[in-house]
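Q: Got a predicted model here, sequence first, then my questions.
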Amino acid sequence: MVGRRQTWGSKAFVYGTLLIIAFVWTLPTMGLLVSSFRSGDAVLASGWWTVLRNPAKAELSLDNYRIVIGSAGGNSRLQEKIRRGQENIKLWSAVLNSLTVTIPATVIPILIAAFAAYGFAWISFPGRRTFFIGVVAIMVVPLQIALIPILRDYIKLDLNGTFLGIWLAHTGFGLPLAVYLLYNYISTLPRDILESAFIDGASHFTIFVRLILPLAVPALASFAILQFLWVWNDLLVALVFLGAQNEVLTQRLLGMLGTFGTDWHLLTAGAFISMLLPLIVFFSLQRFFVRGLLAGSVKG
Amino acid sequence: MASVTYENVTKRFGEVVAVNNMNLEVQDKEFLVLVGPSGCGKTTALRLLAGLEEVTHGNIYIGDRLVNDIAPKDRDIAMVFQSYALYPHMSVYDNMAFGLKLRKTPKAEIDRRVKEAAEILGISQLLDRKPKQLSGGQRQRVAVGRAIVREPAVFLFDEPLSNLDAKLRVQTRAELAKLHLRLGTTFIYVTHDQVEAMTMATRIAVMRDGILQQLDTPQNLYDHPGNVFVAGFIGSPSMNFFDATLVESDGQLFVDGGSFRLEVPEDKIAPLLPHKGKEVIFGIRPEDIHAKPFVPPGIAKADMKADVDVTELMGNEIFVYCLTGNKSFIARVDPRLRARPGEQIELALNMANMHIFERDTELAII
């Protein structure tokens, strides 16, 4: 009886804690979402929670989103508003820039890291351990330290401000963790399978493409999510290496903060747009995410 | 089809010697079983042949070809792993076809060979399934099928039955033996189970601590083990050993174990005479110990008394755990015997099948 009551008590504690955490984390997001549909005057006049109290009276619209994306169309009232803001915000082009940066900056490190992880796990070469420890040790170096030296090199190489430059920068910063995560997974694949493939006549490259990549999908996906979110939300690296001509979403939001500092309705809409894609990516890949992170430690 | 030769092969892993100066000739079309306790180097010996490990010293030949520096894929071998090592994301068909595709075999030929192998193994209806949808026995068949389609010169098996349940193991054992006859190819098979070795092998190689102990046919290994280790390893329950002395009295030679004294039959005396008076190890198999009155006629029997410790009824026989002096041993006797623990029983030992080993070298004298 005592045991049962204890389990009930501990369960209540766990669920209670989870509820509180979920509430605390969801509340600001909720406020953001609601505010982004309200008019500028309403946002300044009353709190977003008043909408929940009386949803029927609240005047919710997609106007804010039209303005920030820059698709006011024939709506003259909106066009007027945009002109008053002196420039077209055109968040849409920043979204495209962000995608242009993020997708290659996710794919390139995965490809390189998967090759490296396979090599570290299954090909014996002199200094393999030392090399691997070196790669993993780089994880403790904060990327801020590397910014200025890399920037100097980029200026000499004429890579500064180019997409290639920022792809390479993100690749470099993401690689140590990627190699480590993928190594943990790939090194736990059964040795017999690889040996069997060797006897079957497969080369290292064939084994990598036909066996390792398909079997490592959970690990690849979990790293892809991590890297995607990191690059998508990155402001610092973009500010340093990309500069003003190809602004990504985070840069544009920062710019809006200056220009529209008091227009909370526009800022919330912009912020929510920037959250949308990461949310989609996370929810579509999240079943791999948990599995991939656990895979190295739990057998089977 | 090919012979296999190990010539002074040694494999070291750092300080550990896994295979120690092994010399072994496997004939063409032979079913050779490498058997020994775990850690004896049998699997390493097989992996050396497969090319998954490199030899430290010595040469390995497949046919007349020295394969020391030849990649696994070019050795013309196929291997079945203990874990089966099926490719989990491929169907049974693709698992079997994988090696052929890599070798650029024509599609029609691949299809023919896969279907034929599946037919032989009775897995034709499973070709579209993934490994995780198969039972243990079915996976084992797929692993064998993957080896068959390659039509290699030598098949290597690394404990392929140890993950199967007891009943399936017996059944698969017979099927593998049949498959060997049908394919007419050299099989090299590693196991720790002496029953598998005895039932399937043309010849058995017994290994211990990296050293090849004895290489012979199953019957010869059973009848004439070369040393105490082989004698104890082959046969179940294993042979009983007693410390004893060879003594002569009244012109007769006796095995004197302290608590018992057994007469040596006449035809065995000659080879034992040089060891008269010396300490030896006397070995007798449980099946050569009979309980009175159920003693078969015509054996060279010697009498002995012993106390019953435990009995195990198997149905067709009884295993009696006996004590003589402080020494425990097993007799495999007629099930009609009604012996209770604590009782004394009279036994008759078939001395025609006795074994005598030197005490210090543990090598067989007879």
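A: The structure has been received and is ready for your questions.
Q: what residues does chain B put near chain A?
A: By CB under 8 Å from any CB of the partner chain, the residues of chain B that approach chain A are B:50-52, B:71-73, B:77-79, B:81-89, B:98-99, B:102-103, B:146, B:150. Yep, even glycine has a C-beta here, placed from its N, CA and C like the rest.
Q: In strands, which of those residues fall?
A: B:I77, B:A78, B:M79 (DSSP state E).
Q: For the residue nearest to the last one when sequence neighbours are not counted, report the pLDDT, please.
A: It stands for B:M79. Spatial nearest neighbour of B:M79, chain neighbours left out: B:L156 (4.2 Å); criterion: CB to CB, 6 or more residues apart in numbering or on different chains. On pLDDT, B:L156 comes in at 96.
Q: For B:P37, which non-adjacent residue is spatially closest?
A: B:H192 (6.2 Å).
Q: burial measure for that neighbour, as a count.
A: Using other CB atoms under 10 Å in any protein chain shown, B:H192 has 18 other residues around it.
Q: got a list of what it touches?
A: Counting by CB atoms under 8 Å, 6 or more residues apart in numbering or on different chains, B:H192 makes contact with B:V35, B:G36, B:P37, B:S38, B:K42, B:E159, B:S162.
Q: residue ranges with poor pLDDT in the stretch 201-300 of chain A?
A: Applying pLDDT under 70 to the stretch 201-300 of chain A flags residues A:289-300.
Q: B:D94 versus the residue in the stretch 1-150 of chain A that chain B sits nearest to, what's the distance?
A: Per CB to the nearest CB, A:S124 is where the stretch 1-150 of chain A lies closest to chain B, at 10.9 Å. Applying CB to CB, to the nearest Å, the value for A:S124 to B:D94 is 29 Å.
Q: Which one's more surrounded, these two?
A: Between A:S124 and B:D94, counted using other CB under 10 Å, B:D94 has the larger neighbour count: 16 against 6.
Q: What score does that one have for pLDDT?
A: On the pLDDT scale, B:D94 gets 95.
Q: now do A:E80
A: Note on A:E80: pLDDT of 59.
Q: Quick one: list the elements packing against the helix or strand encompassing B:F157.
A: Element membership of B:F157 [criterion: DSSP states H and E] is strand B:154-158. Under the contact criterion of 3 or more CB pairs under 8 Å, 6 or more residues apart in numbering or on different chains; DSSP states H and E, strand B:154-158 touches helix B:42-50, strand B:77-80, strand B:186-191.
Q: what's in contact with it?
A: Residues outside strand B:154-158 that contact it (CB under 8 Å, 6+ apart) are B:2, B:4, B:43, B:46-47, B:49-50, B:62, B:76-82, B:147, B:176, B:183, B:185-190.
Q: B:V26 and B:F187 touch, don't they?
A: No. Using CB atoms under 8 Å, B:V26 is not in contact with B:F187; the gap is 9.1 Å.
Q: who touches both of those two?
A: With CB under 8 Å, 6+ apart, B:V26 and B:F187 have common neighbours B:L32.
Q: neighbours around A:L175, how many?
A: Neighbourhood size, A:L175 [other CB under 10 Å]: 20.
Q: before we move on, the earlier item: kindly reformat the contacts of B:H192 as TSV containing distance to B:R359.
A: Conversion of the contacts of B:H192 to TSV gives the following (distance: CB to CB, whole Å):
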residue	distance to B:R359
B:V35	26
B:G36	23
B:P37	22
B:S38	27
B:K42	28
B:E159	34
B:S162	35
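Q: Looking at those residues, spot the one nearest chain A.
A: Ranked by distance to chain A (CB to the nearest CB), those are led by B:E159 at 11.5 Å.
Q: and the closest residue to chain A within the stretch 101-250 of chain B, what does it touch?
A: Chain A sits closest to B:L102 of the stretch 101-250 of chain B, with a gap of 4.2 Å, by CB to the nearest CB. B:L102 makes contact with A:D200, A:G201, A:A202, A:T206, B:K73, according to CB under 8 Å, 6+ apart.
Q: Cool, thanks, talk later.
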